[in-house]
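1. quick check, what structure comes out for this input:
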Amino acid sequence: MGLFKPDIDKLSKNKNIKRLIKALEYEDKSVETTNQIRKDAEEALIKNAIYISVKDLSVAEEDAIRGMINFKSLPIHISAKLLHRGMDINFGKYEGFLIEWQVLSAEVDKVLLLSVKSLDCKPYNEIQSDVTWETCTLRKWLNGEFVSGSFSQEEQSQILLVINKNPDNLKYNIPGGRDTSDKVFCLSYDEVDKYMPSEKYRMCCPTEYAKRQGVYACANKACAWWLRSPGSIASMAEDINEYGTINHVGYDVDGDNNCMDGVRPALWLNLKS
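-> Take a look at the predicted model:
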């Protein structure tokens, strides 16, 4: 069974949890108000989780966590129905910091996550050449070094191995390549269209580590980030620019020898017990 492990320091200071405790302490009789505060508090619990499981905690585990946050009334059973599109959760660590993920899609037993920030600066492919997502070095890094270094064995077991379609660039008639089996991946342009329809929703900032590695943040503090889809020629890959627009022409896969694009990993997290 997977454990739900809240960040206790954050939870003890979280304003939504404090509001709920205060409302119940003073026996607030407003059901509507209390229910909304409870919902906010439940979301705060999930956002500060570093591991999620649909399976209920044991009574002993539940009592231990409630005791640590000094709160007896909040239901802390975590289930898929509490996760929804747009929610942020923590899962795994990269370069010593918790990775914050945005829920792009919540299904019955799994959720699609995308890192809130660009985590690193990597070329799509280390050599400037014709390449597809299947053969690029960024895919190899994400499914190798990144997975093994960012997630515990228990966390890795919760990341689903999925078959990704790699659509062609229809505007320029460039093939996207064969389907791939991935645990971690970059989004394709059609997934961006489906899950992130607005340009504002696509914009992201780099982490401090990513900036040190070379990601360029423009005046609005946002950065470009790679998609896995091909660009206008086979040696280019599409990206999202600093203003949230899909760049169908693409960018040289080696970053024009000076890569400034960020990497926003995506993954499907298994919520089955």
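2. roughly how far apart are the closest residue to Trp133 other than its chain neighbours and Leu187?
-> Counting by Cβ to Cβ, 6 or more residues apart in numbering, the nearest residue to Trp133 once its immediate chain neighbours are dropped is Arg228, at 4.2 Å. Placement of C-beta: from N, CA and C, glycine included. Here the distance between Arg228 and Leu187 works out to 7 Å (Cβ to Cβ, to the nearest Å).
3. in the helix or strand harbouring Tyr251, which residues are buried?
-> Secondary-structure element containing Tyr251, defined by DSSP states H and E: strand 246-252. Residues of strand 246-252 classed as buried: Ile246, Asn247, His248, Gly250, Tyr251, Asp252 (neighbour count, 16 or more other Cβ atoms under 10 Å).
4. now render those residues as TSV, adding distance to Val131.
-> Rendered in TSV, the data for the buried residues of strand 246-252 read as follows (distance: Cβ to Cβ, whole Å):
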residue	distance to Val131
Ile246	19
Asn247	17
His248	17
Gly250	12
Tyr251	13
Asp252	11
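5. export those to CSV and tack on pLDDT and distance to Phe146?
-> What follows is those, written out as CSV (pLDDT from 0 to 100; distance: Cβ to Cβ, whole Å):
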residue, pLDDT, distance to Phe146
Ile246, 96, 24
Asn247, 96, 23
His248, 96, 26
Gly250, 96, 22
Tyr251, 94, 21
Asp252, 95, 22
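6. out of the residues you listed, flag the one nearest to Pro206.
-> Set against Pro206, the nearest of these by Cβ to Cβ is Tyr251 (15.9 Å).
7. who touches the residue lying closest to that closest one once chain neighbours are set aside in this structure?
-> Nearest non-adjacent residue to Tyr251, counting by Cβ to Cβ, 6+ apart: Asp239, 5.4 Å away. Residues near Asp239 by Cβ atoms under 8 Å, 6 or more residues apart in numbering: Ala224, Trp225, Trp226, Leu227, Asn247, Gly250, Tyr251, Asp261.
8. kindly export the helix or strand that contains the fourth one (C-alpha atoms) in PDB.
-> By that I understand Leu227. Leu227 is part of strand 225-230, with elements assigned from DSSP H and E. Written as PDB, here are the backbone C-alpha positions of strand 225-230 (Å, rounded to 0.1, in the frame of the first residue of the first chain):
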ATOM      1  CA  TRP A 225       9.700  24.600 -23.300                       C
ATOM      2  CA  TRP A 226      10.000  21.600 -25.600                       C
ATOM      3  CA  LEU A 227       7.200  19.500 -27.100                       C
ATOM      4  CA  ARG A 228       7.900  16.100 -28.500                       C
ATOM      5  CA  SER A 229       6.400  16.900 -31.900                       C
ATOM      6  CA  PRO A 230       8.500  17.500 -35.000                       C
END
